[in-house]
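Visitor: Fold the stuff below for me.
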Amino acid sequence: MNIDSILNHVRISDRISTSGQPEEHEFRAIAEAGFEVVVNLAMPNSENAIPEEGNIVTARRMIYVHIPVPFEAPTATHLRSFLGVMAAFPDSRIWIHCVVNYRASAFIYQYARCVEGRSHEEALGLMLPTWSPNAVWRDFMDLAESDLRLDP
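Guide: All right, here's what the predicted structure looks like:
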């Protein structure tokens, strides 16, 4: 199994990848590819959610973090939590997923802008190219650092 076959996989960098919901057996490939942290942004009742995902991931000796983000109601609080997780693992390889890589794309867009200082255009280039965010997600992507009350 190769990680490139995981639903809507996007390689962001050597350290970060995003995707839709991996199947249970695909977490083995994620671990074998050297990822150390899995961040799940999907709701626990999302389509194709795996109830024991945390156990599956930790059995593969990876760290599991679940930040449930309602698709129709992402908030600055969700983003602050995500940015905190990313800051907690600055040298770890991180796999970020949701249901189809829409939430993950928007969150990595914000990470690229707020943490890495990338331009809007550069950050857009990291997102799943087939997704056109709706108004809810465009508003989320418009959150500025001042909206997040991040420490300088």
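Visitor: Just list the residues touching I12, thanks.
Guide: Contacts for I12 were tallied using Cβ atoms under 8 Å, 6 or more residues apart in numbering; they are T18, I108, L126. Quick note: C-beta positions are derived from backbone N, CA and C, even for glycine.
Visitor: what about the helices in the protein?
Guide: Assignment of helices within the chain using DSSP state H yields the ranges 26-32, 53-59, 76-88, 103-114, 120-124, 135-141, 145-148.
Visitor: now for those, which one comes closest to N40?
Guide: Taking Cβ to Cβ as the measure, these were each checked against N40, and helix 53-59 came out nearest at 6.3 Å.
Visitor: for the worst-scoring helix or strand of the chain on mean pLDDT, packing partners?
Guide: For the chain, scoring each helix and strand by mean pLDDT, DSSP states H and E identifies helix 145-148 as the least confident one, at a mean of 72. Using 3 or more Cβ pairs under 8 Å, 6 or more residues apart in numbering; DSSP states H and E as the contact test, the elements touching helix 145-148 are helix 76-88.
Visitor: now the helix it packs on: how far from the chain's centre is it?
Guide: For helix 76-88, the distance from its own C-alpha centre to the chain's C-alpha centre is 11 Å (Cα atoms, centre = their mean, to the nearest Å).
Visitor: Just want the angle from it to helix 103-114.
Guide: Relative orientation of helix 76-88 versus helix 103-114 (axes from the mean of the first three to the mean of the last three Cα atoms, to 10 degrees): 70 degrees.
Visitor: tell me which residues in helix 76-88 are buried?
Guide: Along helix 76-88, the positions that meet the burial threshold by neighbour count (16 or more other Cβ atoms under 10 Å) are H78, L79, S81, F82, L83, V85, M86.
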